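Asks: with the sequence up front, the predicted model follows.
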Amino acid sequence: VMATFVSYKQHQNYTLYNIMNTSEKKVLWNSNISRRTFIKAGIAGAATVGVISAAGYQGYEFFKTVDVKGRILIIGGGAAGCSMAARLSRRIEHPDITIVDPSDRQFYQPGFTFIAAGIFKPDEVWRPQKDYIPQGVKWVKDVVVALDPVKQVARTSQGETLQYDFLVLCPGIQLNWDKVEGISQKTLGQGNAHCIYDFEGAQKFWPAMQELTTKGGRGVFTDTYTKHKCGGAPKKVCMLTEHMARKKGTRDSLRLDYFCSEKALYDVPYYTPRLLQIYDERNINLSLNCRVTGIDTQAKRVYMERHTTEKQQVWDEATGGMIEQETKTVTPFVEDYDFLSFVPPQSAPDFVKESGLSWTEGKLAKDGWVMVDKETLVHLLYPNIISLGDCAGIPTSKTSAAIRKQLPIAEANLLEIMQGKEPSHKYNGYACCPIVTDYGHVLLCEFDYDKRPDITFPFSIQDMSQERRTAWMLKRYFLKPMYFHAMLKGYM
């Protein structure tokens with residue numbers, strides 16, 4: 001059944017099971033899953049075909065090489081950067097590609113949530129970065145600190161100057177720890193304040209969550225008011241904490257509160273009702289329009305602001321009539337906690353914000369997201385620049401699934417630009433957020449730019465407005481191997 005995962009190397013019998021490493025196979029076979037659950041795993045395996053199809057190879061030939069010239073610089077060696085390097089080095093007959101990234105390790109960042117929940121071990125979510133730098137690609141192990149799109153040059157922290165003809169800008173996202181007073185990345189865990197967006201922080205989360213669900217107390221969960229990677233992650237760990245308490249029989253000893261920065265818990269109408277229902281059924285208190293400003297780790301207090309907007313009719317002297325006016329109110333408040341999960345505000349990296357490549361107006365301007373066409377992913381001022389991934393200024397969620405769908409579009413459009421053609425391939429905003437609702441079920445949220453459901457086969461034959469066991473199998477057993485063995489290798 002697992003052989004339903006088919007590689008796009010169609011001449012090989014290349015199943016997902018074959019590309020799992022030994023430890024991944026051991027986890028699957030030692031999981032004591034029933035025959036019925038294994039069949040569900042097969043369905044999830046079949047779903048990988050749908051996921052790959054959703055990632056799309058439409059509009060160009062995957063195996064066809066092109067003879068184009070030009071120095072390609074890829075800034076960022078995460079999901080987008082390494083995958084683009086693999087794709088371009090395979091497609092271009094004589095590639096001249098340089099990738100800049102300082103990391104020794106390639107992380108499967110969606111796995112941080114599962115570390116925090118005790119499902120994955122820390123060593124399961126990373127591999128050596130050198131394994132994902134394609135042969136022939138020059139790796140500059142450094143960080144970019146300055147970028148000049150006019151002169152077409154980037155400068156690294158060690159003073160190296162990198163010239164380019166074409167730029168793939170995908171440095172990821174910057175976590176601004178300094179925007180939350182009283183705590184830093186290095187002091188995560190102090191005062192039982194935790195963040196799952198950090199590798200070490202996720203590891204500290206798990207024993208703290210175990211203690212809370214054993215001894216009881218008040219758990220406070222928050223998100224942040226900026227666009228941030230995997231917006232569902234804070235909601236996931238909240239629900240997993242609640243389920244862990246039920247499994248231990250200690251749920252009555254816990255009070256759980258979720259403080260959401262937005263006006264709604266989730267902004268995709270197809271999935272929101274069920275998510276709200278879950279929070280209500282499980283007695284998780286929900287507060288909206290709340291932003292974290294600081295944490296007192298000694299007193300175990302979190303400082304917040306409630307942002308509200310009221311519309312009222314007022315007299316306008318200029319028009320001699322009544323007009324609608326918005327009044328914004330900010331109300332500070334403080335909450336005591338025994339356990340805190342928080343998320344720092346996030347933005348594009350500083351060098352991007354200083355490069356002149358960011359949006360200058362609109363909702364995406366404040367945090368420096370790169371100004372690209374939302375369909376072609378080409379920069380609106382510099383047509384030799386493609387941006388994708390978390391730093392791209394496009395109105396969709398920042399997830400690895402979104403990157404998976406952006407990759408073939410970015411690749412195809414860059415190759416067309418290098419051939420002197422107009423970019424013709426379009427991204428529809430597809431994103432997927434597998435919201436883990438408990439240990440065994442996932443609300444698989446797939447949608448497009450218009451917040452309409454964009455559900456891949458075979459999940460499209462189910463009612464995906466509800467959490468599903470098959471989606472859990474996909475998330476738990478398949479997505480991580482797909483990331484390391486297929487996506488980063490340029491096969492999906």
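Replies: Thanks, I have it. Quick caveat: nothing in here was measured; it's all calculated off a predicted structure. Numbers count the residues shown, from 1 in each chain.

Asks: check contacts around K64.
Replies: R91 (CB atoms under 8 Å, 6 or more residues apart in numbering). (C-beta placed from N, C-alpha, C; glycine too.)

Asks: phi first, then psi, for it.
Replies: K64 adopts backbone torsions of phi -80, psi 130, taken as degrees, to the nearest 10.

Asks: for S387, see how far away it is.
Replies: 25 Å (CB to CB, to the nearest Å).

Asks: same check on A202?
Replies: 27 Å.

Asks: looking at those two, which one has more neighbours?
Replies: Neighbour count, other CB atoms under 10 Å: between A202 and S387, S387 has more, with 30 against 26.

Asks: wait, doesn't that one sit right on V370?
Replies: Yes. With contact defined as CB atoms under 8 Å, S387 counts as touching V370 (4.1 Å).

Asks: regarding A202, what is its secondary structure?
Replies: Classification of A202 using DSSP: H, G, I helix; E, B strand; the rest coil returns helix.

Asks: can you tell me how far it is from I115?
Replies: Taken as CB to CB, the span from A202 to I115 is 4 Å.

Asks: overlap of the contact sets of those two?
Replies: Joint contacts of A202 and I115 (CB under 8 Å, 6+ apart) are P122, I196.

Asks: residues in contact with N428?
Replies: E375, K405, D448, Y449, D454.

Asks: retrieve the pLDDT associated with it.
Replies: According to the prediction, N428 has pLDDT 97.

Asks: which of the three states applies to it?
Replies: coil.

Asks: give me phi/psi at it?
Replies: phi -90, psi 10.

Asks: again, but for the one 4 residues further on
Replies: Its backbone dihedrals place C432 at phi -140, psi 130, with angles given as degrees, to the nearest 10.

Asks: excluding chain neighbours, what is closest to it?
Replies: Using CB to CB, 6 or more residues apart in numbering and skipping residues adjacent in sequence, the residue nearest C432 is A401, 3.5 Å away.

Asks: the one you found reaches G429, doesn't it?
Replies: No. Checked against CB under 8 Å, the pair A401 and G429 is beyond contact range at 11.7 Å.

Asks: okay, those two: which has more neighbours?
Replies: Neighbour totals were compared for A401 and G429, and A401 leads with 25 against 21 (other CB under 10 Å).

Asks: quick one: distance of the host helix or strand of the more buried one to the chain centre.
Replies: Per DSSP states H and E: A401 is located in helix 400-418. The chain centre lies 17 Å from the centre of helix 400-418; the measure is CA atoms, centre = their mean, to the nearest Å.

Asks: same deal with stretch 305-321?
Replies: Per CA atoms, centre = their mean, the centroid offset for stretch 305-321 relative to its chain is 37 Å.

Asks: contacting residues around it?
Replies: 225, 287, 289-291, 293, 322-333.

Asks: let's see 7 Å
Replies: 289-291, 293, 322-333 (CB atoms under 7 Å, 6 or more residues apart in numbering).

Asks: just the buried ones from those residues?
Replies: Neighbour-count burial (16 or more other CB atoms under 10 Å) applied to the contacts of stretch 305-321 gives N289, C290, R291.
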